[in-house]
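J.: with the input below, show me the fold.
(one chain, ligands or ions: 1)
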Amino acid sequence: MQYHTATSYENAVELAEAAQGTIRFLAGGTDVLVQLRAEIVTPDVLIDIKQIPGAADIQCLADGSWQIGAAVSGAQLDEHGTLKANWPGVVEAMNLIGSTQVQGRATLTGNLCNGSPAADSVPAMLAANASVTIIGPDGQRQVPVKDIPSGPGKTTLKSGEVIASVNLPAQSASGADAYLRFIPRTEMDIAVVGCAVSLELDGPKIAKARVAIGAVAPTVRLVESAAEGLIGSTLDDAALAALASAVRDACDPINDKRGTIEYRTHVAGVLAQRAAKIAYQRARSKS
Ligand SMILES: Cc1cc2nc3c(=O)[nH]c(=O)nc-3n(C[C@H](O)[C@H](O)[C@H](O)COP(=O)(O)OP(=O)(O)OC[C@H]3O[C@@H](n4cnc5c(N)ncnc54)[C@H](O)[C@@H]3O)c2cc1C
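T.: Numbering: from 1, shown residues only. Below is the predicted model of the structure:
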């Protein structure tokens, strides 16, 4: 196995293009190393991106948007007070991943690129309308996070492409988000269902909404019909019932020992209602 330490994203792309066999980028390694040790994926070439200048930086840009480097860990997100106040749902989703040790390594980018339909941070990034900056053989492109997952363990990234950053829009003065997941244990488990809601208010009324679900379909899904039903409401009982119903309609889960199709579908509606209430409360408390 070859191990390279990339000095820039362009260098990471060159290394990936020149590589033969199975390639993996190494961010936190909490998926790559587990898969390697379990002999699920044995890369021929590992390209470490952690030493790339800026990869471990969190930046708030002049317009209030956020640029989170590809090697920023969950622990770093949690320690960043302003980011956490702006996007509490994204940070809480990332912080559900693993243990304290895992938090010190795991990244948003790795969570996204591993392609798990149950990845915790991905619904939160979708609800937040996040995008990623991709560097590849054909240059740089900006892609919404919702267009990256393409199936279990699969992404739309092209050969040789590497993500340089996750970009979160500026949070509105009347906006907030929330993420909830259900697991049978209290921690260290994979989501049976996950749901993220991001809201922007106009007084007590919801002006904008985004709802995303995880672990209930082959990829994380943005549920536009669920968001549409919330707009113009004050999150009253009718809006909550419509939300649960739209989310359940969007579910297409597997049936396994951790949850039947009926159970996962039911829980998705419950979590959507609870996450919406938390996001609404957080947004209201800003006014
Ligand atoms: C004990 C334990 C508990 C866990 N619990 C959870 C959990 O509760 N919820 C959850 O969602 N996950 C969980 N995970 C999985 C894992 O921690 C997360 O998916 C994590 O976010 C992966 O990030 P990473 O930086 O470690 O990725 P890595 O392992 O470094 O990479 C993962 C994948 O992303 C690709 N990749 C990494 N960086 C880039 C880049 N910049 N551009 C393109 N591709 C890239 C790699 O090639 C690889 O395919 C757990 C893992 C462990 C070991």
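J.: which pLDDT value does the model give the closest residue to S245 other than its chain neighbours?
T.: Of all residues not flanking S245 in the chain, G269 sits nearest, at 7.0 Å (Cβ to Cβ, 6 or more residues apart in numbering). The way it works is simple: take the backbone N, C-alpha and C, and place the C-beta from them, glycine included. On pLDDT, G269 comes in at 98.
J.: tell me which other helices or strands whichever helix or strand G269 is part of touches.
T.: Assigned by DSSP states H and E, G269 belongs to helix 261-284. In terms of contacts (3 or more Cβ pairs under 8 Å, 6 or more residues apart in numbering; DSSP states H and E), helix 261-284 is packed against helix 88-95, strand 175-182, strand 193-202, strand 205-214, helix 237-250.
J.: winner for burial among those?
T.: With neighbours defined as mean count of other Cβ atoms under 10 Å, the helices and strands packed on helix 261-284 peak in mean count at strand 193-202, which reaches a mean of 27.
J.: for that one, the distance to its chain's centre please.
T.: The chain centre lies 13 Å from the centre of strand 193-202; the measure is Cα atoms, centre = their mean, to the nearest Å.
J.: quick one, that strand and strand 205-214 angle?
T.: Orientation check (axes from the mean of the first three to the mean of the last three Cα atoms, to 10 degrees): strand 193-202 against strand 205-214 gives 160 degrees.
J.: would you reformat the helices and strands packed on helix 261-284 as a markdown table and include mean pLDDT and distance to the ligand?
T.: Below are those laid out as a markdown table (pLDDT from 0 to 100; distance: least, Cβ to the nearest ligand atom, whole Å):
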| stretch | mean pLDDT | distance to the ligand |
| --- | --- | --- |
| helix 88-95 | 98 | 7 |
| strand 175-182 | 98 | 8 |
| strand 193-202 | 98 | 8 |
| strand 205-214 | 98 | 8 |
| helix 237-250 | 98 | 19 |
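J.: am I right that N167 is in a strand?
T.: Yes. Read with DSSP: H, G, I helix; E, B strand; the rest coil, N167 is one of the residues of a strand.
J.: about what we covered before: save the helices and strands packed on helix 261-284 as a markdown table, and put in distance to P43 too.
T.: Compiled in a markdown table, the helices and strands packed on helix 261-284 are given as follows (distance: least, Cβ to Cβ, whole Å):
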| stretch | distance to P43 |
| --- | --- |
| helix 88-95 | 24 |
| strand 175-182 | 29 |
| strand 193-202 | 28 |
| strand 205-214 | 26 |
| helix 237-250 | 35 |
